[in-house]
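> sequence unavailable; structure follows:
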Ligand SMILES: [Zn+2]
């Protein structure tokens with residue numbers, strides 16, 4: 001698997017939409033690829049942060065989008 005495919009699977013994994021076969025493939029790639037591993041950690045953390053904020057303040061969609069943009073800027 002290449003890193004692009006891994007990215008697609010990562011986002012599906014975070015949304016809980018991964019089949020068990022895809023999950024195995026992703027886990028295997030993450031075991032071999034430190035870059036994707038840290039990417040996946042960040043993605044999971046970001047998602048958790050966004051969820052917490054949404055629950056706490058019932059943020060409008062535009063605010064959530066700006067949080068996503070902000071975290072993207074920070075992590076690059
Ligand atoms: Zn990779």
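Structure received. Predicted model only: the values in this text are computed from it and were never measured. Numbering: from 1, shown residues only.
> so what secondary structure elements neighbour the lengthiest helix in the chain?
Counting by DSSP state H, the longest helix found in the chain is helix 34-57. Contacting helix 34-57 under the criterion 3 or more CB pairs under 8 Å, 6 or more residues apart in numbering; DSSP states H and E are the following elements: helix 3-14, helix 20-32, helix 61-75. Placement of C-beta: from N, CA and C, glycine included.
> what comes into contact with that helix?
Residues outside helix 34-57 that contact it (CB atoms under 8 Å, 6 or more residues apart in numbering) are 3, 6-7, 10-11, 13-14, 29-31, 59, 64, 67-68, 71, 75.
> what does this structure put close to the ion?
Within the chain, the positions near the ion by CB under 5 Å from the ion are 3, 6, 33, 36.
> lowest average confidence, helix or strand, in this protein?
Lowest on mean pLDDT, DSSP states H and E among the helices and strands of the chain sits helix 61-75, with a mean of 73.
> centre of the chain versus that helix, how much separation?
Helix 61-75 sits 13 Å away from the centroid of its parent chain (CA atoms, centre = their mean, to the nearest Å).
> likewise for stretch 37-48?
The chain centre lies 5 Å from the centre of stretch 37-48; the measure is CA atoms, centre = their mean.
> pLDDT averaged over it - what is it?
Stretch 37-48 comes out with an average pLDDT of 89.
> give me the buried positions along it.
By 16 or more other CB atoms under 10 Å, the buried positions in stretch 37-48 come out as 39, 40, 43, 46.
> likewise for stretch 27-40?
29, 30, 33, 36, 39, 40.
> can you give me the end-to-end span of that stretch?
Terminal residues of stretch 27-40 are spaced 11 Å apart (CA to CA, to the nearest Å).
> check the contacts of helix 34-57 and tell me the two furthest apart.
Greatest spatial distance among these (CB to CB): 31 and 59, at 35.3 Å.
> quick one, what contacts the closest residue to residue 26 other than its chain neighbours?
Nearest residue to residue 26, sequence neighbours excluded (CB to CB, 6 or more residues apart in numbering): residue 9, at 4.3 Å. The neighbours of residue 9, taking CB under 8 Å, 6+ apart as the test, are 1, 18, 22, 23, 25, 26, 29.
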